[in-house]
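Visitor: 3D, please:
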Amino acid sequence: MNPGKLDKRITIQKLTSSVNENGFPEEVWSDYKKVWSSMENLNGREYFAAKAVQSETSVNFTIRYLRDIDATVNVEGAKTTEFFRIKVGNLVFDIDFINDVKYGRRWMDIKALAVK
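Guide: Residues are numbered from 1 along each chain as shown. Prediction:
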């Protein structure tokens, strides 16, 4: 991978729990890390569900390896992808799959779906 292709600044957000002003717990997305990434559209797919046209956009982000978001099971027993998402400008992407490229711990491919 050519590091010069990491030309998009993305924000990785983490789902955190906090207490609101009324004392109730709530989950909020907060900025975790800003990293440089390449960004490629994988495909766009339209399908019919519940008599409405739905569209799905898959994107591949390539970043330098981050141990914190590797696709391992965390202490809560849920996949890491449930606790992280990607934000690019006003666009938000739910992480579908994280791949340590060739298990080299140098690059990560992150497959994500655009949130509508």
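Visitor: Can you give the contact residues for the strand ranked longest in the chain?
Guide: Looking across the chain with DSSP state E, the single longest strand is strand 25-49. The contact list for strand 25-49 (Cβ atoms under 8 Å, 6 or more residues apart in numbering) reads 5-20, 53-64, 66, 68, 84-85, 87-88, 111. Yep, even glycine has a C-beta here, placed from its N, CA and C like the rest.
Visitor: Let me see the mean pLDDT of it.
Guide: Here strand 25-49 scores 80 as its mean pLDDT.
Visitor: cool, and stretch 83-103?
Guide: Stretch 83-103 comes out at a mean pLDDT of 88.
Visitor: Then stretch 61-79?
Guide: According to the model, stretch 61-79 has a mean pLDDT of 70.
Visitor: Spell out the secondary structure type for the residue of the chain positioned farthest from its centre.
Guide: Going by Cα atoms, centre = their mean, the residue of the chain most distant from its centre is residue 22, 30.3 Å out. Following DSSP: H, G, I helix; E, B strand; the rest coil, residue 22 is assigned to coil.
Visitor: how near is it to residue 16?
Guide: 18 Å (Cβ to Cβ, to the nearest Å).
Visitor: Could you do residue 101 as well?
Guide: 28 Å.
Visitor: try residue 103
Guide: 29 Å.
Visitor: repeat for residue 91
Guide: From residue 91 to residue 16 the distance is 21 Å (Cβ to Cβ).
Visitor: And for residue 112?
Guide: In terms of Cβ to Cβ, residue 112 sits 19 Å off from residue 16.
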